[in-house]
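Peer 1: task: produce atomic coordinates for the following.
(chains A and B)
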There are 2 protein chains.
Amino acid sequence: MNFVTRHTVIYSFSPQHKPVEHVEPGELVLFETEDALGGQINTEETSLDELDWSRVDGATGPVFVEGIKSGDTLVVEILDIKVEEKGVIVTVPKYGILGGKRFNPSTKIARISKGYIHFDENVRVKANPMIGTIGVAPESGDIPSGSLGKHGGNMDVKELTAGTKLYLPVSTEGALFATGDLHAVQADGELCVSSIEVAGEVLLRFSLIKDKKPEWPLLETHNWYAFLACGDTLDEAAALATEAAVEAFMREYNWSFEKAYMFGSLAIDLEINQVVDPKKGVRAVMSKDVISLDSLLT
Amino acid sequence: MNFVTRHTVIYSFSPQHKPVEHVEPGELVLFETEDALGGQINTEETSLDELDWSRVDGATGPVFVEGIKSGDTLVVEILDIKVEEKGVIVTVPKYGILGGKRFNPSTKIARISKGYIHFDENVRVKANPMIGTIGVAPESGDIPSGSLGKHGGNMDVKELTAGTKLYLPVSTEGALFATGDLHAVQADGELCVSSIEVAGEVLLRFSLIKDKKPEWPLLETHNWYAFLACGDTLDEAAALATEAAVEAFMREYNWSFEKAYMFGSLAIDLEINQVVDPKKGVRAVMSKDVISLDSLLT
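Peer 2: This next block holds a predicted model:
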């Protein structure tokens, strides 16, 4: 098994980064990840003013996957996610969906044990460990690892859990994959800008699909597929997710735009990933009863 | 049991409308409803140009509920929803989330039988009968029944099904309740602007909560509550839904804004109702494990 330490961290996705590891499709790869705040907050007394913000939103990697090139799809099987027993959540003035209100910077440490996040005395929430940041290098340029796009990145999708598969469109040789920013739990929205940020380990296995790719990162669960789109507003993200999904239904059934558009009202669920990263994320969810993988790639 | 025929139809919610029926809390009331297109489309050859658009988006009612006044909450138990065996869906140029694309007006009739919508040869979707339009009169003015707001209206929430309860803030004596616009199924988004529009019957029972009301229409299912907010954009709707939910958590636990805001990232799911009505709708979903009804009303 390959192991990638949390000390090999990047703060952007870029084709210029030197890979820290080369792996073959089919091999197991264990990524150790730091929390999104760079492990800098260990007590509730830590002030956000003390943070080195250049160490925030890192991702472990990048890893070069052998045999993959631009135009292919990197298939990432999420085999396991382990999180540590202590997570942290913060409020940052001006940030989050209610950033226009006046409020104070604050920090909370939460214990994670026996499948629950213990948020406060007698207030707990069921844990649902998930990956916040996961992606590959874009064709050119340098995208901060705190942002998101067609390459993936800081997508913060609560459904990106153990047992799912992510299909990432590849734009550079070797893909240059990285991941990090685990959450012990996150609701759809991640509305205050952070969630239960936690260090941990992610066990992955890569495979490849040659010469075809999804329009957006594509998530597969037991029952459905979803395009993970983003935009400057939720409305834009929803329209982009819809467009990709409607086109997939046109391919699946050889339908006109009108027929696929109608069917979307019945069979494409538009759901919110997050509203704060700063691009907003919307997923277009399609049941496997009505769509096949082949129609989701072009 | 009280019965309200589909021939008593309103095209707006207004305190000026004369009630067609007076009912007591606790009584059963059966509302017969026309489809959202006014029953005008019976074949796929019917052109949208032939439609009388003044007969679209009607709601059956209004009903005067005895003993209720402004500042109270009308609790609506959805006991049963029956839909007819034939529904209709349309595309209307310039409408829906992809209204910026060029496409044609089109009409499709779909058969509904044995729990499925038969959309096309070998393509079916499981039925999930739901109420599109449900609301009470606003304090003043005249809100088209095709729109939505704090009074309810054309909210198009796929979770508004038999077995749920809706809490509507009341602004006028007797509430002046009306409902209509059933869908045999609808995905989150209702992205093409219509869904499987169908005539049918809704069996309801009203009860009252005096001198307290929710900030937005509040939906209760077996497991959760949700504020049903709306705004000119999805982003605005999401912020308004969040604000109401965060304030409810502040009341529930006597928390600071910061603490409730953090908790929202873990426990408030922001979900899309619809993106086309024309105000956009977002629900803030909160598990009953962490919030009580009392904190959701003020």
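
Peer 1: how about the residues of the stretch 101-250 of chain A by chain B?
Peer 2: Residues of the stretch 101-250 of chain A lying near chain B by Cβ under 8 Å from any Cβ of the partner chain: A:101, A:103-104, A:106, A:108, A:117, A:119-120, A:123, A:125, A:185-196, A:233-235, A:238-239, A:242-243, A:246. Glycine gets a C-beta too; all of them are placed from N, C-alpha and C.

Peer 1: now do the strands in the stretch 1-150 of chain A.
Peer 2: Along the stretch 1-150 of chain A, the stretches classed as strands by DSSP state E, counting those that start in this stretch are A:2-4, A:9-10, A:12-13, A:21-23, A:28-33, A:59-65, A:73-83, A:86-91, A:106-113, A:116-120, A:123-126, A:130-135, A:143-144, A:148-149.

Peer 1: can you redo these as TSV with mean neighbour count, distance to residue B:171 and mean pLDDT?
Peer 2: Output for the strands of the stretch 1-150 of chain A, formatted as TSV (neighbours: other Cβ atoms under 10 Å in any protein chain shown; distance: least, Cβ to Cβ, whole Å; pLDDT from 0 to 100):
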stretch	mean neighbour count	distance to residue B:171	mean pLDDT
strand A:2-4	17	59	97
strand A:9-10	20	55	98
strand A:12-13	26	51	98
strand A:21-23	17	63	98
strand A:28-33	21	51	98
strand A:59-65	26	51	98
strand A:73-83	20	47	98
strand A:86-91	24	35	98
strand A:106-113	18	37	97
strand A:116-120	18	36	98
strand A:123-126	18	34	98
strand A:130-135	28	42	98
strand A:143-144	16	47	98
strand A:148-149	24	42	98
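
Peer 1: coming back round to it: buried ones among the residues of the stretch 101-250 of chain A next to chain B?
Peer 2: Neighbour-count burial (16 or more other Cβ atoms under 10 Å in any protein chain shown) is assigned, among those, to A:103, A:106, A:108, A:117, A:119, A:123, A:125, A:185-196, A:233-235, A:238-239, A:242-243, A:246.

Peer 1: next step: the residues you listed restricted to helices.
Peer 2: A:234-235, A:238-239, A:242-243, A:246 (DSSP state H).

Peer 1: with respect to chain B, which of the residues you listed is nearest?
Peer 2: Chain B lies nearest to residue A:234 out of those, by Cβ to the nearest Cβ, at 3.7 Å.

Peer 1: pretty sure the closest one is touching residue A:276, no?
Peer 2: No - counting by Cβ atoms under 8 Å, residue A:234 stays clear of residue A:276, with 10.9 Å between them.

Peer 1: ok, back up a step: between all of the ones in helices among the buried ones among the residues of the stretch 101-250 of chain A next to chain B, which two are separated the most?
Peer 2: Farthest apart among these by Cβ to Cβ are A:234 and A:246. That separation is 18.1 Å.

Peer 1: quick one: the spatially most distant residue from the centre of chain A from residue B:17, how far?
Peer 2: Centroid-distance maximum for chain A: residue A:256 at 32.4 Å, with Cα atoms, centre = their mean. To residue B:17, residue A:256 is 41 Å away according to Cβ to Cβ, to the nearest Å.

Peer 1: equivalent analysis for residue A:197, please.
Peer 2: Residue A:197 is 52 Å from residue B:17, by Cβ to Cβ.

Peer 1: kindly report the same for residue A:212.
Peer 2: For residue A:212, the distance to residue B:17 (Cβ to Cβ) stands at 57 Å.

Peer 1: now do residue A:180
Peer 2: Distance from residue A:180 to residue B:17, counting by Cβ to Cβ: 57 Å.
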